[in-house]
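Novice: No sequence on hand, only this structure:
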């Protein structure tokens, strides 16, 4: 049976402190927003979707970080059939990116700028603090010994997290754009399918890495990664071209300014994710070429 084996000095370690702050700051953020009950929140329809996105982000990382915190304290992670060093780095990196999005979206789209409340300001501050402490955890994990780092701590691993983050940002945007879209439904469907396929690919890659299943693949895993990156590049190139086409169309229709703003956000995230897939593909091809010469 696992028992508590941490010494007193472990409870004052930087990693323990930042995870404690992550739990408290994310908990306070979603608690404050939940207590607002519409007061100080933007009454526009799209703000509800962004509020759900922010609340989900804070609640999800609160639960996951709390579980990691508890498992670390009781030293139970050695009994779990997962790569613990990759899991903790994945949560930290994804926590940085997702909480950064929430820290930008909440004061920009969710808060009512005409009626600013103390709860809203405090929630925005706590969201920013959550982003900072997750960034601090990434720095602490990066300072660990080389043998304690996993694949996710490497640059290609970080690119995999950016790809997943980019796909997750598209979910609320596609929901809102689908509500406002009056024409060009084929463009919306092509974009949704492209983003959906890439999110599934990112999740499959993450499961293989966290479960240490790379050695059980029928083909070398580096070839799978190269194929996945190529698919991601092609699909996001298609989606990005569609985004720029939509922007050109919407600029001629001044009555659709709100839709134009959403498509612009989609274009920014799509371009960032496309860049991540392109760089990742270059790394994968270089790795294949280096191994072919050995």
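Specialist: Yes, it's here. Quick caveat, the model's predicted, so the values are computed rather than measured.
Novice: Could you break the protein into its assigned domains?
Specialist: Here the domain parsing of the chain from the TED database is 8-153, 154-293.
Novice: Give me the mean pLDDT for the longest one.
Specialist: Per-residue confidence for domain 8-153 averages out to 89 on the pLDDT scale.
Novice: hmm, back to that, I'd like the domains of the chain written out as TSV, with mean neighbour count added.
Specialist: The C-beta positions use only the backbone N, C-alpha and C, and glycine is treated the same way. Below are the domains of the chain laid out as TSV (neighbours: other C-beta atoms under 10 Å):
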stretch	mean neighbour count
domain 8-153	18
domain 154-293	17
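Novice: Show me what the helix or strand residue 20 falls within is in contact with.
Specialist: For residue 20, the host element (DSSP states H and E) is helix 14-34. With contact meaning C-beta atoms under 8 Å, 6 or more residues apart in numbering, helix 14-34 is reached by 10, 51, 54-55, 58-59, 61-62, 65-66, 68-69, 72, 95, 99, 106, 110, 119-120, 122-123, 126-127, 129-130, 133-134, 136-137, 140-141.
Novice: again, 7 Å this time
Specialist: 10, 55, 58-59, 61-62, 65-66, 68-69, 119, 122-123, 126-127, 129-130, 133-134, 136-137, 140 (C-beta atoms under 7 Å, 6 or more residues apart in numbering).
Novice: With stretch 175-190 instead?
Specialist: Contacts with stretch 175-190, where a contact means C-beta under 7 Å, 6+ apart, come from 46, 49, 238, 242, 246, 258, 259, 262, 263, 266.
Novice: Cross the residues you listed against helices and list the overlap.
Specialist: 46, 49, 238, 242, 246, 258, 259, 262, 263, 266 (DSSP state H).
Novice: How about the secondary structure of residue 81?
Specialist: Secondary structure, DSSP: H, G, I helix; E, B strand; the rest coil: residue 81 is coil.
Novice: Spatially nearest residue to it (excluding sequence neighbours)?
Specialist: Excluding its sequence neighbours, the residue lying closest to residue 81 (C-beta to C-beta, 6 or more residues apart in numbering) is residue 211, at 7.1 Å.
Novice: how near is that neighbour to residue 103?
Specialist: As for residue 211, its distance to residue 103 is 31 Å (criterion: C-beta to C-beta, to the nearest Å).
Novice: quick one: the helices in the chain?
Specialist: Going by DSSP H, the chain shows helices at 14-34, 45-73, 84-105, 118-142, 155-180, 185-210, 221-251, 257-292.
Novice: what angle separates the last one from helix 185-210?
Specialist: Orientation note: helix 257-292 sits at an angle of 40 degrees relative to helix 185-210 (axes from the mean of the first three to the mean of the last three C-alpha atoms, to 10 degrees).
Novice: gap between helix 257-292 and the chain center?
Specialist: What separates the centre of helix 257-292 from the centre of its chain is 14 Å, taken as C-alpha atoms, centre = their mean, to the nearest Å.
Novice: now do stretch 65-84
Specialist: Using C-alpha atoms, centre = their mean, the offset of stretch 65-84 from its chain centre is 21 Å.
Novice: distance of the closest residue in space to residue 176 that isn't next to it in sequence from residue 180?
Specialist: The spatially closest residue to residue 176, leaving aside those adjacent along the chain, is residue 46, at 5.0 Å (C-beta to C-beta, 6+ apart). In this view, residue 46 and residue 180 are 8 Å apart by C-beta to C-beta.
Novice: shared neighbours of the two, which are they?
Specialist: Common contacts of residue 46 and residue 180 (C-beta under 7 Å, 6+ apart): none found.
Novice: circling back to that earlier point, distance check, the residue nearest to residue 176 against residue 117.
Specialist: 20 Å.
Novice: who's in contact with residue 221?
Specialist: Contacts of residue 221 were listed using C-beta under 7 Å, 6+ apart, and they are 208, 214.
Novice: can you pull the pLDDT of it?
Specialist: 80.
Novice: thinking again about what came up before, between the helix holding residue 20 and helix 84-105, how many degrees?
Specialist: Counting by the same axes, to 10 degrees, helix 14-34 lies at 40 degrees to helix 84-105.
Novice: what angle sits between helix 14-34 and helix 118-142?
Specialist: Here helix 14-34 runs at 160 degrees with respect to helix 118-142, directions being taken by the same axes, to 10 degrees.
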